[in-house]
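Undergrad: Attaching a predicted model along with its sequence, questions to come.
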Amino acid sequence: MNPLSMLRNSVYMPYARIPPGQIVELPGRGTTYVTDTAGPDPDSPTIVLLHALGCTGLLTWFPAIEGLSKRFRVITLDQRCHGQGIHTEHFSLVDCADDVAALLDVLEIDSAVIAGYSMGSIVAQRMWRQHPSRVQGLVLAATTDRFRRSMVEMLFFAAMEGSMLATRGAARSRIASWAAKTAAEATDFEPSDIQEWALREFRSTSAWGVGQALSALGRHHSRPWLRRIDVPTAVVVLNNDHVIPPARQRELARAIPGATIHDIDAGHASCVLESEVFVPAFLEAAATVNARRRDFADRVESSDSA
């Protein structure tokens, strides 16, 4: 049985409209694939959606985009080493956050609500850390402040980091072949159904790219500065998550002043595989941040004029 048949027979894929996108150049950084879905009016607030490890912007977020677009201008991008994102021999979370800021510059957006799922939530945290003036609010799902919490995790990430360093010499050839492959697959392709499209999106990220990202995630540690986050924040906690324990997700939420918690009984892949549960909770979280964002802006204006 071929992979597409296995996917059709064993995995539920929700149907949702896939918005069109385009390759966008980030000056001095590289190119990435971006979708930009209009909101209900030209003054709608912007939300930037950052995807999970091993996925693309659309593969993580396609079930939520239509609902979000009733309130927000919705932007997705492929992060570096993923999909049609920036091709590089070195992945860092710092660079990922800078890529988001560079995209806002290109799109002439002063600031936005930044949302992230799993790996994307880590980049969203870094976006506030590195570019706080560009962040109006945060929506974090399946998130944590760090990964090396147990001996097993420490050994796993140490081994991953070592293996990635050992293969860095082959990086240039890997990047060249991956770039050629993803460019070819992106040309003149019309998926016949949602499973075919999803499989293509999943295959567009190389195992080497996933390994590079995993190695970087192992070095993430935001606990020392979480309490300084000063923008409205919502955290969607996945109670059945076996990748990032729900207790860690709640612990992070409680460390951010004023963060709201939105619990759902769903697992780590619920952004797609349990989207009927995840999407309503995420829309609620985003709406909460948007409402508090307006209140926060009003308070700032009042204090500035006092």
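TA: Looks like it came in fine.
Undergrad: how would you label the nearest residue to Asp241 once chain neighbours are set aside: helix, strand or coil?
TA: When the adjacent residues along the chain are set aside, Asp241 lies closest to His268, with 4.7 Å between them (C-beta to C-beta, 6 or more residues apart in numbering). Every C-beta, even on glycine, is put in place using the N, C-alpha and C of the backbone. For His268, the secondary-structure state derived from DSSP: H, G, I helix; E, B strand; the rest coil is coil.
Undergrad: Might one say that Thr88 is in contact with Arg80?
TA: Yes - Thr88 lies in contact with Arg80 (C-beta atoms under 8 Å); the separation is 5.4 Å.
Undergrad: so what sits against both of those two?
TA: Taking C-beta atoms under 8 Å, 6 or more residues apart in numbering as the contact rule, the neighbours common to Thr88 and Arg80 are Gly30, Asp95.
Undergrad: re earlier: can you pull the contacts of the residue nearest to Asp241?
TA: Remark: with contacts taken as C-beta under 8 Å, 6+ apart, His268 is in contact with Ser118, Ala142, Leu238, Asp241, His242, Val243, Ile244.
Undergrad: next one: Gln22
TA: The contact partners of Gln22, taken as C-beta under 8 Å, 6+ apart, are Tyr33, Val34.
Undergrad: that older thread, so of the contacts of His268, which ones are in strands?
TA: Leu238 (DSSP state E).
Undergrad: before we move on, the earlier item: what's the pLDDT at the residue nearest to Asp241?
TA: We have a pLDDT of 94 for His268.
Undergrad: Same check on Ala102?
TA: Confidence for Ala102, expressed as pLDDT, is 98.
Undergrad: That one - how many residues pack around it?
TA: Neighbour count of Ala102, defined by other C-beta atoms under 10 Å: 21.
Undergrad: and what of Ile23?
TA: Applying other C-beta under 10 Å, we find 12 other residues in the vicinity of Ile23.
Undergrad: Please tell me how far it sits from Val113.
TA: 24 Å (C-beta to C-beta, to the nearest Å).
Undergrad: Please apply the same query to Thr37.
TA: Counting by C-beta to C-beta, the gap between Thr37 and Val113 amounts to 14 Å.
Undergrad: The two: who's more crowded?
TA: More neighbours sit around Val113 than around the other of Thr37 and Val113, counting by other C-beta under 10 Å; the figures are 24 against 18.
Undergrad: residues in contact with that one?
TA: Here Val113 is in contact with 45-48, 72, 135-139, 286, 289-290, 293 (criterion: C-beta under 8 Å, 6+ apart).
Undergrad: now with 6 Å?
TA: By C-beta atoms under 6 Å, 6 or more residues apart in numbering, the residues touching Val113 are Ile47, Gln136, Gly137, Val289.
Undergrad: quick one, what contacts Trp225?
TA: Contacts of Trp225 by C-beta under 6 Å, 6+ apart: none found.
Undergrad: Quick one: the helices in the stretch 1-150 of the chain, in order.
TA: Taking DSSP state H, counting those that start in this stretch to define them, one finds helices in the stretch 1-150 of the chain at 3-10, 57-68, 93-106, 119-130.
Undergrad: what would the ones you listed look like in a markdown table with distance to Ala281?
TA: What follows is the helices of the stretch 1-150 of the chain, written out as a markdown table (distance: least, C-beta to C-beta, whole Å):
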| stretch | distance to Ala281 |
| --- | --- |
| helix 3-10 | 25 |
| helix 57-68 | 10 |
| helix 93-106 | 23 |
| helix 119-130 | 14 |
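Undergrad: Which one of the ones you listed lies nearest to Thr31?
TA: With C-beta to C-beta, the closest approach to Thr31 among the helices of the stretch 1-150 of the chain belongs to helix 93-106: 10.7 Å.
Undergrad: now what about that closest one, what contacts it?
TA: Contacts to helix 93-106, defined as C-beta under 6 Å, 6+ apart, come from residues Leu26, Arg29, Leu77, Gln79, Val123, Arg126, Met127, Gln130, His131, Arg134, Ala216.
Undergrad: Isn't the fifth one up against Leu50?
TA: Going back to what we said before, that points to Val123. Yes - at 4.9 Å, Val123 and Leu50 qualify as touching, with contact defined as C-beta atoms under 6 Å.
Undergrad: So for these two, which sits in the more crowded spot?
TA: The residue with the greater number of neighbours, taking Val123 and Leu50 and applying other C-beta under 10 Å, is Leu50; the counts read 29 against 24.
Undergrad: That one reaches Ser118, doesn't it?
TA: No - because the distance of 9.3 Å does not satisfy C-beta under 6 Å, Leu50 is recorded as not touching Ser118.
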